[in-house]
Each structure stands twice: as structure tokens, then as C-alpha cells.
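K.L.:
Here is a sequence with its predicted model. Questions after.
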Amino acid sequence: MCIGHAQRHWSLALLFLSGVVCTLPGWNVEYQPEPIYAVKGCSVVIPCLFSYPVNQVVKRVMWGHNVSDPSKKSIYDSVRKHPTKFVYLGNRVNNCSFQINQLEHRDSGIYKFRFKTDKNQWTGVVGSTLKVVDLISVTTSRNGTIIEGDFVNMTCKNIYDGPHRSSIEWSKNGVPFYNGSTLYINNISLQNSGSYACMLNYNSRRTLSEVFRVNVEYGPKNTSVSISPCSEVEKGSNVTLTCSSEANPPVQRYAWFLIDGSVHHKLTSHFELYFWDVQSYSSGQYYCVVNNKHGSQNSSIVTLEVKDEELKLIWIIITYMLLTVTLLMIIVYMKRRMILSTTPDKEETTERYMHAECPVEESEEDPNQIIYTTVYMTTKPQTLLHSEEHPTIYSPVEQLNFSLSPAEDPSEEQRTCESVSIYDAVFSSGQ
């Protein structure tokens with residue numbers, strides 16, 4: 001509670017109260033003659049004493065603000081309920097002190113006390129003067145709204161006039177941290193948020209100011225997406241994507257997007273994206289966008305993967321079948337290679353033609369004319385003979401079939417051709 005010096009020293013102030021001239025003997029209300037200074041937002045006590053004739057009993061007490069007769073318009077009446085802002089600290093004997101909480105400028109003015117006994121009633125006509133002041137004066141760059149990066153200057157006023165020296169102490173969240181009349185905060189940040197107050201020390205009096213709350217506003221920060229229960233779920237499960245962000249004031253708008261290639265589909269405008277009985281087509285990349293009056297921010301992209309066990313089983317079966325077919329083809333191919341490698345080659349018969357100059361007989365008409373015969377030879381390949389010195393391989397002719405024309409005696413023609421050696425020459429490249 002922020003209590004002004006008047007509460008702390010009200011008993012001392014009563015010693016200097018000036019009496020009020022009464023028209024009736026024994027009836028009196030005494031107030032503090034000097035104005036009472038109090039700080040806005042704090043509490044103050046207005047000291048008061050009253051007296052009345054003996055053999056009377058006080059039945060009712062009242063306080064009024066800026067009125068001549070508190071009974072007509074009272075802010076406190078003992079016979080009625082009243083707000084907690086006003087508290088009667090006195091009794092029904094002689095103490096009529098009164099406390100006002102959460103002071104505002106409109107609480108300044110003159111306060112009067114009135115009481116009734118079982119026989120009469122009385123009002124202290126002079127009253128007590130209250131002045132509510134601002135102990136803290138605040139200057140900001142945006143007329144009250146404080147945004148990250150702005151400046152804030154707070155000045156603590158000295159409300160006391162006198163020869164005594166005063167000191168000012170600043171506190172943040174109740175912890176003292178600075179001495180001086182003015183507190184400067186430039187390039188303010190979130191860390192500067194808090195409740196500030198100053199303490200005025202004067203002539204052994206300590207007056208605490210009202211609390212000034214520094215509320216630094218900023219755009220969205222640290223925006224992220226969380227997936228519950230996880231990013232990989234089974235088909236038919238329930239999945240929740242939650243968008244969270246730090247912002248002051250809090251995030252006002254949310255938007256969810258699904259990435260489909262180069263197209264970003266907008267989904268919902270709630271901070272949660274919920275899937276009931278999720279299907280395979282819900283797999284994809286998601287992100288959220290948040291906004292407040294100071295800006296917007298996109299979250300990072302998250303991937304949701306929906307596992308389909310049936311589809312997975314189908315792919316396993318297809319893969320198994322493909323592997324099986326491939327293996328069978330390899331086995332058949334290898335087996336065929338083995339069979340071919342163990343089967344002997346078929347004999348190949350090659351018919352070759354050779355013109356052998358076998359003179360059979362001379363022509364009767366022309367003695368210089370030699371009659372030749374055509375030799376048809378058929379060869380069968382045999383093992384090739386290899387010569388290191390001569391890479392040419394020769395295969396001897398195994399069978400010769402002669403057809404002689406026009407000679408009539410084959411035996412004579414055969415004798416003529418015995419001297420002819422015929423070879424089938426095969427040229428090789430060093431094999």
C-alpha cells in the first residue's frame with residue numbers, strides 16, 4: 001500500500017489542530033489546519049478529533065466531500081454500505097480519522113465530518129483540505145503507448161517546500177535500483193517492462209509514489225508449430241497442429257497454410273489445426289501466420305506424414321514379386337549358359353570351289369589348246385594346326401569330289417591331277 005506522510009504522522013499533526021468556534025458549548029470537530037498533500041494512486045489519512053456534551057451517545061458518523069452538509073451527500077455513512085475506497089479509522093468516542101485509498105485527482109477538495117448522538121448532531125464546518133498530486137511525471141515517444149525501441153523518461157517531483165534536503169530513490173518491481181529525480185530509458189526493450197515507483201525522502205518522511213507500469217508492446221516473435229502426438233501418425237488417428245507465438249498485445253489473427261508445390265492453400269483461422277480420422281491425403285507441409293497490431297510472422301514449415309499400413313503391405317508384396325521374378329530370370333539365364341557351354345558344336349560342311357588346272361588332253365583340232373576340268377571339293381573343319389613361325393593355319397582337304405569334263409577316262413584324269421595339293425587356308429590373328 002502506498003501511504004502518504006499524513007497517515008504516518010497524523011497523531012503528531014493533531015497536536016497542531018486549530019479549534020473551530022462552536023455555537024454550542026461542548027460540540028466541536030478539529031481538523032489539520034494545513035493542506036494535506038497526497039500522491040495519486042496512493043492512500044492518505046485525514047486526521048480528525050471530535051467532542052460532544054457528556055451523557056450523550058454517538059449513534060452515527062459521516063464524511064462528505066465538497067459539501068456543506070454531509071448528511072445530504074456523504075461518501076461514508078456508518079449506517080450504510082460504502083466502497084472499500086473509503087475507510088473510517090476512528091471510533092464513536094472522539095477519533096474521527098478517515099482514510100481514502102487509490103487516490104485520483106478528483107479526490108482533491110474539502111472533507112467534512114458530521115456525527116449524530118442520541119440527542120443532537122454536529123458538523124465541523126471548516127473541514128480538511130486534500131490536494132492529490134502526481135509524484136511521477138512520465139514522457140513517452142507515443143503518448144502513452146510504449147513500443148519496443150521507443151524511449152521513456154520518468155521524473156519524480158518534490159512536493160515539499162522547505163529548507164530540508166530531499167532525496168529520491170527509484171525501484172522496479174519493488175527492488176531499489178537508481179537514485180535521482182529523472183529516470184531515462186532509451187531504446188526500450190521487453191526486459192524493461194515492469195512496475196516503477198519513486199520514494200521521496202524529506203525530513204524523515206518517506207512518501208511513495210504511485211506505481212507506473214511500463215508495458216512494452218511488440219510484434220509476434222518465436223512463432224512455431226507443434227504436432228501432437230507426433231509428426232508421423234497412422235492412418236485413422238487424431239492429429240492436432242498448434243501454432244504459438246510471443247506477442248504484446250497477444251496474437252489477434254491466425255492463418256494455416258498447406259504447401260502444394262508452388263501453391264499455398266489457406267485452411268483455417270484458428271490457432272489449432274485439427275485432423276479427425278486423418279487420411280493419407282493429409283500428408284504434406286504446413287505452416288501458420290500470426291498477426292497483431294504491430295506486425296506479423298510466419299512459423300517454420302513442419303511435415304505431417306500419414307502412414308497407410310494397407311498400402312505399405314501392397315508395396316511390400318509388389319516388391320517381393322519383382323525380386324522373385326528377377327531372381328528366376330537370373331537363374332534361367334545362368335542355367336542356359338551352362339547348357340550351351342557343355343554342348344559340342346555341330347559339324348559344319350563347307351563347300352569350296354577351286355579351279356584346278358589339270359590338263360586332261362589336248363584338243364585334236366588345236367594342239368595348243370588344253371582342256372581343263374572343274375574340281376569340286378568339300379571340306380570338313382578339323383583341328384587347326386598352329387605354327388609359331390607362320391600364323392597361317394592350314395587344314396588339309398579330307399574329301400575331294402571330282403567332276404571331269406569333257407574327258408572320258410576318269411582314271412587318266414585322276415593321274416594327271418595327283419600332283420595337285422589342295423589346302424584350305426585359314427588365316428588367324430595369332431590364336
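P.N.:
In hand now; what should we look at?
K.L.:
Mark out where each domain of the protein begins and ends.
P.N.:
5-132, 134-214, 220-307, 350-427 (automatic domain parsing).
K.L.:
among those, which is the most enclosed?
P.N.:
domain 5-132 (a mean of 17; mean count of other CB atoms under 10 Å). Where you see a C-beta, it was placed from the backbone N, CA and C, and this is true even at glycine.
K.L.:
mean pLDDT for the domains of the chain: which is lowest?
P.N.:
Note on the domains of the chain: lowest mean pLDDT is at domain 350-427, with a mean of 47.
K.L.:
Leaving out sequence neighbours, find the closest residue to residue 245.
P.N.:
Spatial nearest neighbour of residue 245, excluding adjacent residues (CB to CB, 6 or more residues apart in numbering): residue 223 at 4.0 Å.
K.L.:
same thing with residue 210?
P.N.:
Nearest one to residue 210, counting by CB to CB, 6+ apart, is residue 41 at 2.4 Å.
K.L.:
and what of residue 222?
P.N.:
Closest to residue 222 by CB to CB, 6+ apart is residue 246, at 5.0 Å.
K.L.:
Which of the helices or strands spans the one you found?
P.N.:
Assessed by DSSP states H and E, residue 246 sits inside strand 239-248.
K.L.:
repeat for residue 91
P.N.:
Going by DSSP H and E, residue 91 is not part of any helix or strand.
K.L.:
residues touching it, list them.
P.N.:
Under the criterion of CB atoms under 8 Å, 6 or more residues apart in numbering, residue 91 has no contact partners.
K.L.:
how much space is there between it and residue 250?
P.N.:
Going from residue 91 to residue 250 by CB to CB, to the nearest Å gives 49 Å.
K.L.:
just to revisit the earlier point, do I have it right that the residue nearest to residue 222 meets residue 219?
P.N.:
No. At 9.7 Å, residue 246 and residue 219 do not qualify as touching, with contact defined as CB atoms under 8 Å.
K.L.:
hang on, the earlier thing: name every strand pairing with the helix or strand encompassing the residue nearest to residue 245 and say which way it goes.
P.N.:
In this structure, residue 223 sits in strand 216-228 according to DSSP H and E. Paired neighbours of strand 216-228 in the sheet (DSSP bridges): strand 146-147 (parallel), strand 239-248 (antiparallel).
K.L.:
Any idea how far the shortest one is from the middle of the chain?
P.N.:
When C-alpha coordinates are averaged (CA atoms, centre = their mean, to the nearest Å), strand 146-147 and its chain have centres 23 Å apart.
K.L.:
what's in contact with that strand?
P.N.:
140, 152, 188, 214-218, 294.
K.L.:
thinking residue 36 is in contact with residue 130, fair?
P.N.:
Yes. The pair residue 36 / residue 130 is scored as a contact, 5.0 Å apart, by CB under 8 Å.
K.L.:
Now do the contacts for residue 53.
P.N.:
Contacts of residue 53 by CB under 8 Å, 6+ apart are 25-27.
K.L.:
And residue 70, by the same measure?
P.N.:
62-64, 112-114, 123.
K.L.:
Inside strands: which ones of the residues you listed?
P.N.:
62-64, 112-114, 123 (DSSP state E).
K.L.:
Many thanks, I have nothing further to ask.
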